[in-house]
Each structure stands twice: as C-alpha cells, then as structure tokens.
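[1] no sequence for this one, just the structure:
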C-alpha cells in the first residue's frame, strides 16, 4: 500500500540532458568527452539525444571527467527508466480493461476491499494490485489454468462466475494473512475443540462469531467471515495457506443452521482431506471431489445431530415447538439445527416452526439478498441438511 501511495511523475528528463548541460558548462565538446572517457562518440551522442542509457561502467567513468558522483548519473538513469516503464505500463492497461470489467468492482469498493477509482485504467490497476498479479494472463494462470497447483488445486474455469468467486476467495486470503495468531495447527487440538464448538453453537451467545474464531485460532485454524459478492453466492471455502488451514464463511443465508453446517462441513474437510485441495461450497465437482463433499456433509451432520438422534425424532413423529425444544436440550444441539434438518428431509414444510429458526447476521447493514440464488435453489441446497 505504501508503494501505491507514492508520487510518480509522468515525465522525467533523460540523463543525457544533464550531461549536455554539464559539457556546455565545462566547455567540452562531445568528441573531446568521448576521447576522455574512452567511449565511442556515437554512444555519447546517443546518450545526449536520449536514445541510449548510461551504464554503471559509464557512470563511474563519467565521474572521473565531470567530477559528478557515479551514483548521481545512475539515479538519473534509474528515475528515467522507471518513469518510462510506468508510462508503458499505463498504456498497457488499456488492453486490460475488458478483463477488469468482468469483476464486481463497485461492490468490492463499497466493501473497502479495493480503493474507489474514477477511471477505467485505475480500476484495472487496482484489481491487479488486489490479486497481486501483473496481468490478466497471470490471473488466468493462477485461477483458471492451475499453474500453481500446490497453492490452488481447483480451477475456477469450471465455475459459472470465476471472476466474482476469485475476488471473494482473494479477500479471504487477505483476511487470513491479517488475522493475528501464531498457534501451529494441531489435528488433535482441533478434534479436542469440537465439543466446545458445539457447545458454543448450542448456547448461541451474542459474540458467537468472535468466540468461534478464537476457538479456531487456539488450535491453529484461521476462520474469517467474508460477505458475498454479486454472482458469487458462496457459503464457505476451505484451503491451506502456508501450512495453515483457513476457513472462509459468508453467512449469506443468515440462518443459524446453515451457518453451523457450513462451518462443521469446512472443518470436516480439514480433518478428512488433503492440504492441496481447495473446497468451495455450491459449485459442481467431478465424482471424486463430490465424494469428499459427501464425507464433509456427513461429518457436519454427525456433530450437529447424529443419525440415531435424527431417527429418534422422526420415529416419534412429534414436530411441535415443545417437542423440538425438548429434543434440542436432550441431544445438546440447537432447535434451529433440528428444524433445518427436518425441513431438508421434507418432513416438515419450510413455513413450519419458523420461530425456532434463529438468524445470524455476520455483517449488520450488508444486504445479502442481492447476492443470493433464487429461493427455490437456496432451499434445496445441501447446506439445509443442517
């Protein structure tokens, strides 16, 4: 950020202009200067005309003749070269505009992920800086072509909105890096924390989100919350960044059962699957990857409401508010979890027991509705399995 806030002049004089002024001051011709420095006259002429550069070797030699330090000549050349490179880069940005228009720039700026910009060129430059890439081709190689498989195993080319999804994922990566916590990941530590995490889910204190984040950090897992972007209605993601498991949740549906199912689903990926994969909710996978998704689903379901507990509720056939509250206390879970599970199984309609479906809002004041899939699709989503 410091580099982006520095002032960069649009024009810088070529060091040849300064050399010409010095030769005039010394009353020395180009030919004489060439002889004294043992450099070809055409080379000195090219430097003065701005057609050639002063090399370190030349700068040291010029110091002997002009009595001006070599570092002065080198600094002049460096400033000129940097200015030329930046001007060339700005012209190059024009060719990046079609790429930059594919991202939801306005929502990203509104959320403070990138600075608000007026010109299209500035927008393209901001997006490159945001993704830490040098060009749209570099972005494609990272997010679509899997040229860095160790860091990003999945290709977003198979998703409907790779641009918005990549922006959401990148924000999570930035958040994880900014999240303080040096605790090394421990699988045993994470498994030991599962009862505390479930207890937190059951109790539902006002600071649930922050306390859950602290529990994760205590065993070396980074948990961050990132609001959705238009066309990227993702519930959650899991990946390893620098050997640290990172969970990213959006809380987009604001349903307590969906939030906790998403969380334990991602934890399941950490405990059950490899470090090289990245797991994204709500996208299509091949059969092998779907197996892992199914395993993570089963892991989350067992923690929230075991198959035996679910069967007992269904066998009893009493889905009244009083009965569900009793089951929640008996099974040490939350009423929202039971209602969500019964709704997903189509045992009760979605309109039933609404008073037990607790809401959770990770981003007060932020409207997720514009970023959600159609209602029918949402309600059939597997995350309702909670």
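    Done, it's in. All values derive from a computational prediction rather than experimental measurement. Numbers count the residues shown, from 1 in each chain.
[2] from residue 358, how far off is residue 94?
    51 Å (CB to CB, to the nearest Å). Just so you know, the C-beta spots here come from the backbone N, C-alpha and C atoms, and that holds for glycine as well.
[3] the more surrounded of these two?
    residue 358 (16 against 11; other CB atoms under 10 Å).
[4] what residues does the more buried one make contact with?
    By CB atoms under 8 Å, 6 or more residues apart in numbering, the contact set of residue 358 is 204, 255-256, 334-336.
[5] just the buried members of these?
    Among the contacts of residue 358, those buried by neighbour count (16 or more other CB atoms under 10 Å) are 255-256, 334-336.
[6] need those residues in TSV with pLDDT, can you?
    Formatted as TSV, the buried ones among the contacts of residue 358 follow (pLDDT from 0 to 100):
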residue	pLDDT
255	92
256	94
334	96
335	96
336	95
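[7] please pull out the lowest mean pLDDT helix or strand from this protein.
    Ranking every helix and strand in the chain by mean pLDDT, DSSP states H and E puts helix 375-379 at the bottom, with a mean of 39.
[8] rewinding a little: which member of the buried ones among the contacts of residue 358 is positioned nearest residue 33?
    In terms of CB to CB, no member of the buried ones among the contacts of residue 358 lies closer to residue 33 than residue 255, at 78.6 Å.
[9] near the closest residue to that closest one other than its chain neighbours, how many other residues are there?
    Leaving aside its sequence neighbours, residue 255 sits nearest to residue 357 (CB to CB, 6 or more residues apart in numbering; 6.3 Å). Neighbours of residue 357 under the rule other CB under 10 Å: 18.
[10] I figured residue 357 hits residue 342, correct?
    No. Between residue 357 and residue 342 there is no contact under CB atoms under 8 Å: 10.9 Å.
[11] quick one: contacts for residue 165?
    156, 159, 232, 234, 280, 283.
[12] doesn't residue 250 make contact with the fourth one?
    Yes. Applying CB under 8 Å as the test, residue 234 and residue 250 come out as touching, 5.8 Å apart.
[13] in stretch 301-316, what's buried?
    301, 303-305, 309-310, 313.
[14] and the furthest pair within these?
    Checking these with CB to CB, the most distant pair is 303 and 313, at 16.2 Å.
[15] residue ranges of the helices in the stretch 101-250 of the chain, please?
    All helices of the stretch 101-250 of the chain, identified by DSSP state H, counting those that start in this stretch, fall at 105-110, 120-131, 136-143, 162-178, 187-203, 208-218.
[16] give me the low-pLDDT residue ranges for the chain?
    1-10, 146-155, 158, 281-286, 365-386 (pLDDT under 70).
[17] and the residue nearest the centre of it?
    residue 170 (1.3 Å; CA atoms, centre = their mean).
[18] so for residue 241, which of the helices of the stretch 101-250 of the chain sits nearest?
    Closest to residue 241 of those is helix 162-178 (CB to CB; 5.6 Å).
[19] excluding its backbone neighbours, what's nearest residue 319?
    Per CB to CB, 6+ apart, closest to residue 319 is residue 348, 5.3 Å.
[20] quick one: secondary structure of the one you found?
    With DSSP: H, G, I helix; E, B strand; the rest coil as the basis, residue 348 sits in coil.
[21] thinking again about what came up before, of the helices of the stretch 101-250 of the chain, which is nearest residue 270?
    helix 187-203 (6.8 Å).
[22] contact partners for residue 193?
    215-216, 218-219.
[23] at 6 Å what do you get?
    Contacts for residue 193 (CB atoms under 6 Å, 6 or more residues apart in numbering) come out as 215, 219.
[24] same question for residue 249.
    Per CB under 6 Å, 6+ apart, neighbours of residue 249: 225, 236, 262.
[25] redo those as CSV? Include distance to residue 30 and neighbour count.
    Shown next, in CSV, are those (distance: CB to CB, whole Å; neighbours: other CB atoms under 10 Å):
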residue, distance to residue 30, neighbour count
225, 66, 18
236, 69, 25
262, 73, 27
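[26] quick one: which of the residues you listed is nearest to residue 326?
    Nearest to residue 326 among the contacts of residue 249, with distances taken as CB to CB, is residue 262, at 26.4 Å.
[27] elements contacting the helix or strand hosting the closest one?
    If you go by DSSP states H and E, residue 262 is part of helix 256-272. On a contact count with 3 or more CB pairs under 6 Å, 6 or more residues apart in numbering; DSSP states H and E, helix 256-272 meets strand 236-241, strand 244-249, helix 287-304, helix 335-344.
[28] again, only using 8 Å
    helix 187-203, strand 236-241, strand 244-249, helix 287-304, helix 335-344 (3 or more CB pairs under 8 Å, 6 or more residues apart in numbering; DSSP states H and E).
[29] so which of these comes closest to residue 42?
    The nearest among the helices and strands packed on helix 256-272, by CB to CB, is strand 236-241 at 54.3 Å.
[30] tell me the domain ranges of this structure?
    Following automatic domain parsing, one finds the domains of the chain at 3-95, 161-385.
[31] circling back to that earlier point, could the helices of the stretch 101-250 of the chain go into JSON lines alongside distance to residue 243?
    Shown next, in JSON lines, are the helices of the stretch 101-250 of the chain (distance: least, CB to CB, whole Å):
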{"stretch": "helix 105-110", "distance to residue 243": "28"}
{"stretch": "helix 120-131", "distance to residue 243": "22"}
{"stretch": "helix 136-143", "distance to residue 243": "19"}
{"stretch": "helix 162-178", "distance to residue 243": "12"}
{"stretch": "helix 187-203", "distance to residue 243": "13"}
{"stretch": "helix 208-218", "distance to residue 243": "15"}
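[32] looking at the ones you listed, which is nearest to residue 296?
    Short answer: helix 187-203, nearest of the helices of the stretch 101-250 of the chain by CB to CB, at 14.1 Å.
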